[in-house]
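Colleague: I need the structure of the sequence given here:
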Amino acid sequence: MTGNPRAARIHQVDDRRPGNELLGDVLAGLARTPKQLPSKYFYDARGSRLFERICEQPEYYPTRTELAIMRAHIDGIAAALGPGVRLVEYGSGCGLKTQMLLGRLEAPVAYVPVEISRSALAASVAGLERRFPAIEMLPVCADFTQPIKLPRAARAPRQTVVYFPGSTLGNFDPDDALRLLRQMRAEAGQGGGVLPGGVLIGVDLVKDTAALEAAYNDAAGVTAEFTLNLLTRVNRELGADFDLGTFRHRARWRPLAGRIETHIVSQREQIVHVAGRGFRFAAGEAMLVEYSCKYTLEGFARLAARAGFKVAGVWTDPARRFSVQWLACN
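Modeller: Numbers count the residues shown, from 1 in each chain. Predicted structure coming up:
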């Protein structure tokens, strides 16, 4: 095909109003013991800009390490996926990793980014359409953590590949990570290809405690600012009264759980109001806002097998800090 001269039509799957969903999740999370807020709400416009700054910090290794892996091994990765791929990406893939992959795949049939932010989705697809006019763009506005019926491409693909770069799977606890991998397996089977498809995924690996904790507690304080911006968002969008000066960021490695746990910690006893309801915080009370699970290669292979995959390819950096893995559907 020669490309569409008009902007790609966005397929709207999730019509829920984000404000109402945010309110429900915040009220439910503050009522829990211990308190917990979902990490997906980090990414308002300011949060997204702050995350870009996090990726530039010397302590934060995942983004640059994964990019280095892609640069070193992109030909082998593209060869493993083969020709005629319909590429489904969780998140708006306007970055270098997505561009490298689309540029090296042999005759890809379509690109299907799944993103909950309609504006971010439109911006990323507009840029990719200009760069790859021969690839059909089928953007989907939806929450990728929920099952999705994906749009079909004009040409039948050889297989569907779900692309999940970064270390985002680590933000899910083991049960939810398993559920999401099983969902990916089901969605890889929706394309009607001659092969069952699979998943290309970024997986952060276990390493020494100092390196892990430094990555989530950068000296410049950008990660702390990013974390506390969640409270700023709740104040702005829900009329809450979090006093940011009385909360601090804390990220610690939990070796038995195999993850970094990020909390927002109240510095004094206080009551915070959201939508007319008061929530009491004790001095020193920690509210969980993010998991960042890390895996061994063997441990992740076991998780993938439980989801119905076999690990068909692994690419790492020389220090084995991070991995890009090709999971083929069994």
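
Colleague: Could you pull out the helices in the stretch 201-330 of the chain for me?
Modeller: For the stretch 201-330 of the chain, the helices defined by DSSP state H, counting those that start in this stretch occupy 209-215, 222-238, 297-306.

Colleague: The one helix or strand K97 maps to: which residues count as buried?
Modeller: For K97, the host element (DSSP states H and E) is helix 96-104. Across helix 96-104, burial judged by 16 or more other C-beta atoms under 10 Å covers 97-98, 100-102, 104. All C-beta spots, glycine's among them, are computed from the backbone N, C-alpha and C.

Colleague: can you name the farthest residue from the center of this protein?
Modeller: Computed with C-alpha atoms, centre = their mean, the residue of the chain farthest from its C-alpha average is E269, at 33.8 Å.

Colleague: Pull up the gap between the closest residue in space to that residue that isn't next to it in sequence and Q270, please.
Modeller: Sequence neighbours aside, A283 is the residue nearest to E269 in space, at 4.9 Å (criterion: C-beta to C-beta, 6 or more residues apart in numbering). Separation of A283 from Q270 (C-beta to C-beta, to the nearest Å): 8 Å.

Colleague: Any stretches of the stretch 51-200 of the chain with poor pLDDT?
Modeller: Applying pLDDT under 70 to the stretch 51-200 of the chain flags residues 93-94.

Colleague: helices or strands next to the helix holding K97 in the packing?
Modeller: Packing contacts for helix 96-104, counted by 3 or more C-beta pairs under 8 Å, 6 or more residues apart in numbering; DSSP states H and E, involve helix 62-81, strand 85-90, helix 118-131.

Colleague: try 6 Å this time
Modeller: Judged by 3 or more C-beta pairs under 6 Å, 6 or more residues apart in numbering; DSSP states H and E, helix 96-104 is in contact with helix 62-81.

Colleague: got the residue ranges for the strands in the stretch 201-330 of the chain?
Modeller: Taking DSSP state E, counting those that start in this stretch, the strands of the stretch 201-330 of the chain run over residues 247-254, 259-266, 270-274, 277-281, 286-293, 309-316, 322-329.

Colleague: was I right about the residue farthest from the centre of the chain contacting E285?
Modeller: No: with contact defined as C-beta atoms under 6 Å, E269 does not count as touching E285 (8.5 Å).

Colleague: surely Q12 meets P139?
Modeller: No: Q12 is beyond contact range of P139, at 9.8 Å (criterion: C-beta under 6 Å).

Colleague: For burial, what's the neighbour tally of G284?
Modeller: G284 has 10 neighbours, counted by other C-beta atoms under 10 Å.

Colleague: again, but for T63
Modeller: Neighbour count of T63, defined by other C-beta under 10 Å: 22.

Colleague: ok, it touching Q57?
Modeller: No: taking contacts as C-beta under 6 Å, T63 lies outside contact range of Q57: 9.7 Å.

Colleague: list residues touching both of these two?
Modeller: Shared contacts of T63 and Q57 (C-beta atoms under 6 Å, 6 or more residues apart in numbering): none.

Colleague: Quick one: end-to-end distance for stretch 84-97.
Modeller: End-to-end distance for stretch 84-97, by C-alpha to C-alpha, to the nearest Å: 19 Å.

Colleague: Could you verify my assumption that S167 touches T63?
Modeller: No: counting by C-beta under 6 Å, T63 is not a contact partner of S167; they are 9.0 Å apart.

Colleague: List the contacts of V274.
Modeller: For V274, the contact set (C-beta under 6 Å, 6+ apart) comprises 26, 238, 240.

Colleague: related to what we said a few turns ago, tell me the helices and strands packed up against the very next helix or strand once past the helix holding K97.
Modeller: Note on helix 96-104: by DSSP H and E, the next helix or strand toward the C-terminus is strand 110-115. Strand 110-115 sits against strand 85-90, with contacts defined as 3+ C-beta pairs under 6 Å, 6+ apart.

Colleague: partners of the strand it packs on in the sheet?
Modeller: strand 110-115 (parallel), strand 159-164 (parallel) (DSSP bridges).

Colleague: I'd like those strands laid out as TSV, including mean neighbour count and distance to I148.
Modeller: Shown next, in TSV, are the strands paired with strand 85-90 (neighbours: other C-beta atoms under 10 Å; distance: least, C-beta to C-beta, whole Å):
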stretch	mean neighbour count	distance to I148
strand 110-115	26	6
strand 159-164	25	11
